[in-house]
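*Asks:* The following block contains a protein sequence and its predicted model.
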Amino acid sequence: MKKTNKRRLLLKVCALVLVVIFLISAVFYGLEIWEKHRFAFSEDESLISQDTLEYDGKTFKKKENIETFLVLGLDTIGETYSIDSYTNDKQSDFVVLFVFDNDKKICNAVQINRDTIAEINVLGVAGDKVGTVNKQIALAHTYGNGKEVSCRNVANAVSKLMLGVNVNHYVSFTMDAVSVATDFIGGVEVTVLDDFTGISSELVKGETVNLNGELALTYVRSRQGLEDSSNKSRMNRHTQFIKAFYDKFSQKVKDDKQFAVNAYLSISSYVVSDCNSAKLEGLLKKSADYSIGEIYKLEGTEEIKDNLVEFYPSEESIKEAVINLFYNEK
């Protein structure tokens with residue numbers, strides 16, 4: 001009788017354990033589904049640019065063999081695995097849309113002022129759109145998980161701003177990547193555009209210097225303490241740095257077939273992208289084969305509201321950039 005009771009007790013315990021295991025498994029499975037859902041941020045289906053555009057009395061037809069790549073520089077230090085929060089405060093201070101023209105083998109770009117007032121999607125906890133606001137485009141990244149969802153949110157804001165052009169891919173990087181990548185290619189030579197007195201004795205206005213590591217980051221990131229602390233002034237340094245970096249990187253890739261792969265590996269812990277490593281490496285190699293073309297800046301007006309700079313690009317400036325980058329005259 002005692003043996004029978006023991007068997008029954010053992011069976012009950014086993015059954016209870018199985019139920020607990022089942023419940024735990026169900027919870028983890030549910031969390032996994034939720035995790036996947038919250039990263040699955042679909043593009044706004046309304047963002048479809050027109051096949052033809054009328055401008056200045058002429059008709060323009062959309063180019064077919066174009067690929068776009070949005071690059072975001074976040075105002076934060078550290079590796080990206082430490083960022084994963086729906087209360088993230090990481091703004092994208094650097095916003096550039098690279099446009100690869102695969103027919104002409106040229107890479108143009110449009111540099112977007114981080115203070116640009118744009119329509120931004122407000123996201124819920126699951127990454128779904130719950131509304132919109134008009135704010136500085138740099139703040140689009142603060143909605144979402146601080147990684148993929150946030151990047152996609154900036155991409156949608158850029159697409160809306162640029163008359164619905166498609167953003168094919170994106171990559172964001174924390175500030176560490178600037179110094180690491182610059183060191184990896186052996187520095188970038190520039191003629192200093194601003195007076196950095198009180199910030200760095202190595203950056204003397206008008207002198208040509210080879211930017212390495214932290215000095216490169218100081219040059220492209222600094223605003224406070226400069227005579228002209230506007231973001232427009234900093235964007236001029238960004239343009240200068242991009243062109244110099246692009247030229248040197250391209251030559252390095254031509255000299256060494258493995259350079260693009262190793263370059264990506266050097267900054268991979270600071271990067272978030274919708275591309276896998278093979279795709280990113282392919283884009284890096286492609287960039288080396290393409291010449292750098294125009295880097296467009298949108299023209300407009302600035303206003304100060306609540307101690308914040310608000311930049312309003314003109315419709316004409318946006319349309320002109322879109323036509324030059326994405327359309328050909330019929």
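*Replies:* Ah, there it is. Residues are numbered from 1 along each chain as shown.

*Asks:* what's downstream of whichever helix or strand R234 is part of, the next helix or strand?
*Replies:* If you go by DSSP states H and E, R234 is part of helix 231-255. Downstream of helix 231-255, the next assigned helix or strand under DSSP H and E is helix 259-267.

*Asks:* Now do the buried residues in that next one.
*Replies:* Using 16 or more other C-beta atoms under 10 Å as the burial criterion, the residues of helix 259-267 that qualify are F259, A260, V261, A263, Y264, I267. For every residue, glycine as well, the C-beta is placed using N, CA and C.

*Asks:* how close does the fourth one get to G57?
*Replies:* Here the criterion is C-beta to C-beta, to the nearest Å. By it, A263 lies 46 Å from G57.

*Asks:* With the second one instead?
*Replies:* Per C-beta to C-beta, A260 is found 44 Å from G57.

*Asks:* now stretch 115-122: mean pLDDT?
*Replies:* Averaged across stretch 115-122, pLDDT comes to 96.

*Asks:* now it: how far from the chain's centre is it?
*Replies:* With C-alpha atoms, centre = their mean, to the nearest Å as the basis, stretch 115-122 stands 15 Å off its chain's centre.

*Asks:* Next: stretch 92-112.
*Replies:* Using C-alpha atoms, centre = their mean, the offset of stretch 92-112 from its chain centre is 12 Å.

*Asks:* End to end on that stretch, go ahead and measure it.
*Replies:* End-to-end distance for stretch 92-112: 11 Å, by C-alpha to C-alpha, to the nearest Å.

*Asks:* Same check on stretch 287-305?
*Replies:* 39 Å.

*Asks:* rewinding a little: residues in contact with the helix holding R234?
*Replies:* With contact meaning C-beta atoms under 8 Å, 6 or more residues apart in numbering, helix 231-255 is reached by 94, 96, 107, 109, 111, 113-115, 181-182, 185-186, 188-191, 193-194, 211, 216, 219-223, 226, 259-260, 263, 284-285, 287-289, 292, 295, 297, 309, 311.

*Asks:* change it to 7 Å
*Replies:* With C-beta atoms under 7 Å, 6 or more residues apart in numbering as the test, helix 231-255 has contacts from 94, 111, 113-115, 185, 188-190, 193-194, 219-220, 223, 259-260, 285, 287-288, 292, 295, 297, 309.

*Asks:* quick check: angle from it to helix 259-267?
*Replies:* 130 degrees (axes from the mean of the first three to the mean of the last three C-alpha atoms, to 10 degrees).

*Asks:* Next up, phi/psi of D289, please.
*Replies:* Taking degrees, to the nearest 10, you get phi -90, psi -10 for the backbone angles of D289.

*Asks:* Return the residues in contact with it.
*Replies:* Residues near D289 by C-beta under 7 Å, 6+ apart: K105.

*Asks:* So it versus K104, what's the distance?
*Replies:* From D289 to K104 the distance is 12 Å (C-beta to C-beta).

*Asks:* Then E320?
*Replies:* 19 Å.

*Asks:* Those two: which has the busier surroundings?
*Replies:* The residue with more neighbours, out of E320 and K104, is E320; 16 against 13, by other C-beta atoms under 10 Å.
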